[in-house]
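Asker: sequence and predicted model, in that order:
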Amino acid sequence: MNTRMINHDDAVKDLMAERYLLGELNTTERDAYEQHLFSCDACFEQVKAGTEFVTHLRHIGTEAPQASLLPGFMSQLVASARQPLTITVLGFLIFASGVAIHQGSVIAHLKEPRPEIRSVLTGVAHGSGEIHQIQVPKNSSLSLNVEYARKGEFISYRAQILSNSGTVLHTVALPETQLGTTASIALPADALKPAQYSMVVFGRRSDGTQEEVGRGAFELQFTDN
Amino acid sequence: MLRYPASGALPGIRKRKSAAKPEVYWDERPPVDFYTFDDEYLLRLGAHDPATEAHFVAYFSERLRITLRARGIDAHTIEDVRQETFCRVWVAIQSGSVNNPQGFGAFVHAICKHVLSESRRIDYRNQHDPLEGTDVVDQQLGLEELMQRKENSDLVRAILAELPERDQHLLLARFFEDRDNEEVCGDFGVDRDYLRVLFHRAIHKFGELYKKKIN
C-alpha cells in the first residue's frame, strides 16, 4: 500500500477513468487509481460503464452493419424477411395455402347436394344411330348408362366418354361385382361442355387386346345457360 | 451486466461529500460517494453477519473483476484470484491484522495485487497443460443475461449512431481492432485529448441511457 493516494476531484479533472480504460496510465498511476476505485463509487461506476461500453462496442464490431428501418419487432421481422431462405419458405407456404384453399372449394362444390339425371343410351349397340338429347341444369349430377354385350373371352370391361373428335375425356373401369349388361358413369354435368359425345364400352381379353362391345351417343345441353 | 447497487440497502456508513465545482468535461457532477469502512463493519464481517458478508462479496467482486479485466487477465484466473483474495482477507480479519478499517478497500486491493503476482509467478514456473485436462468454466449465459446484453448492445449502437462517422470509426478502430492509441490518433488526425473526451462522452451517455432504462 505504498502507492500515492488519488484525490477524486483530480481523478475527474484528469479523466483518469478514460485514461485507465485506454491503457494510458503507468504502473504507479494505475495501482493508485485502482486503489481509489476500491473506495470511490462514482469513479468505479464510470469505469464500470466504460468497461461495459467497450465490451458491447467490441461485440457490435463483429456484427455486419445493417440499417434499421423500423424499431423493435417490426424491424427484426423486416430484416429476417429479406433472407433468401425466409423468402423461399414464405413463398412455399403461400403456394401450399393457395392450393389447399382451391382444393377445399372444389371438394365443397362437389359435395353440394345436386339433382341426379339418369339417361340410358341405347341404340348404337342395337344397330341404331340415334343421338339422345340430354337437357340438364349445370349443377346437376349426370348418370349415363349404356347397354353392352358380355362375352366369356373378356376378362374386364371399361367405359369411356369420347368427344366428337374421338378424344377420350373420361374412363371408368367397370367393377367385377357389377352385374348385368349396363355400364354406368356418373359425373357432374358441368364436367362436360354442351356438345355431342359418345359413351363406348370396351371388353378386354387376357392377351391385352380389346374390342368395342357397346356404344351410345348423346348431345348435352344446359337448361340454365 | 451493469448493476447500480441501491445505496440505502448497504450496511456501513456512507460519507457524502459536497458537490464539486463543474469541470471542463462535466456539465453537472453528482455528489461523490465514498464507502467508509469502520471497526463495526469488520467486526460484523468477522462474525459472519450474512448481510455484511453479502455486501463484502458483492462490493469487492465487481471491483476485482473489472480491475483485473482491465489488466487483461482471463476469466479463469480472475475467479481464482478473487477466491484467494477473499480467503486471505477473511483470515486477516479473523486474526485482527487489519489495523486501519478506513483503508479496508486499499487493503483488499493490495492483497489482490499480491495474489495476482503470485499467480503469475506460478504460471510462469508451470507452463504446461495438466495431464488430466483442464476444467473449463461454463461461459453460457442465461436467457435473462442474454437479453440484457442485447439491450445494452442496442444502447451502445444508438450512441454510436448519434456520433459523426469519423468518431464511430475512431472508437471501433481503438476498441474493436484493438489498435494503439498513438496509431489511431495519427490515422484519424486527432490528438490524445480528443480521443479521451470522445470516449468520456460516450461512456457518460451510455451511463445515462442505462440508468434511464432501468428506471
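Answerer: Done, it's in.

Asker: nearest the geometric middle of the chain, what residue?
Answerer: No chain was given, so I picked chain A. Centroid-nearest residue in chain A: A:A96, 0.8 Å away (criterion: Cα atoms, centre = their mean).

Asker: please go with chain B instead
Answerer: Geometric middle of chain B (Cα atoms, centre = their mean) lands on B:I66, at 2.8 Å.

Asker: for that residue, which non-adjacent residue is closest in space?
Answerer: Closest residue to B:I66 apart from its sequence neighbours, by Cβ to Cβ, 6 or more residues apart in numbering or on different chains: A:T51 at 5.4 Å. C-betas here are computed from N, CA, C, even on glycine.

Asker: tell me which element the one you found is part of?
Answerer: Taking DSSP states H and E as the criterion, A:T51 maps to helix A:41-61.

Asker: how far off centre is that helix?
Answerer: The chain centre lies 49 Å from the centre of helix A:41-61; the measure is Cα atoms, centre = their mean, to the nearest Å.

Asker: so for it, mean pLDDT?
Answerer: What helix A:41-61 shows for mean pLDDT is 85.

Asker: and what of stretch B:123-141?
Answerer: Mean per-residue pLDDT for stretch B:123-141: 61.

Asker: do stretch A:150-159 as well
Answerer: Taken as a whole, stretch A:150-159 has a mean pLDDT of 85.

Asker: would you mark the buried spots in it?
Answerer: Neighbour-count burial for stretch A:150-159, counted by 16 or more other Cβ atoms under 10 Å in any protein chain shown, picks out A:154, A:157, A:159.

Asker: could you list the low-pLDDT ranges of chain A?
Answerer: Scanning chain A for pLDDT under 70 picks out the ranges A:1-4, A:61-82, A:123-129, A:176-179, A:225.

Asker: how does it divide into domains?
Answerer: Residue ranges for each domain of chain A read A:8-61, A:72-111, A:116-222, as given by automatic domain parsing.

Asker: max-length strand in chain A?
Answerer: strand A:210-222 (DSSP state E).

Asker: show me what that one is packed against.
Answerer: Here strand A:210-222 is seen to pack against strand A:116-121, strand A:131-136, strand A:141-147, strand A:196-204 when contacts are counted using 3 or more Cβ pairs under 8 Å, 6 or more residues apart in numbering or on different chains; DSSP states H and E.

Asker: what pairs with the longest one, and is each one parallel or antiparallel?
Answerer: What that stands for is strand A:196-204. Strand pairing for strand A:196-204, using DSSP bridges, gives strand A:156-163 (antiparallel), strand A:210-222 (antiparallel).

Asker: quick one: buried residues of the last one?
Answerer: Within strand A:210-222, the residues that qualify as buried are A:213-218, A:220, A:222, counting by 16+ other Cβ under 10 Å.

Asker: what is the nearest of those to A:E18?
Answerer: A:F222 (88.9 Å; Cβ to Cβ).

Asker: now B:A47: phi and psi?
Answerer: Backbone torsions of B:A47, given as degrees, to the nearest 10, read phi -90, psi 10.

Asker: distance check, it against A:M199.
Answerer: As judged by Cβ to Cβ, to the nearest Å, B:A47 and A:M199 stand 106 Å apart.

Asker: more neighbours, the two?
Answerer: A:M199 (25 against 10; other Cβ atoms under 10 Å in any protein chain shown).
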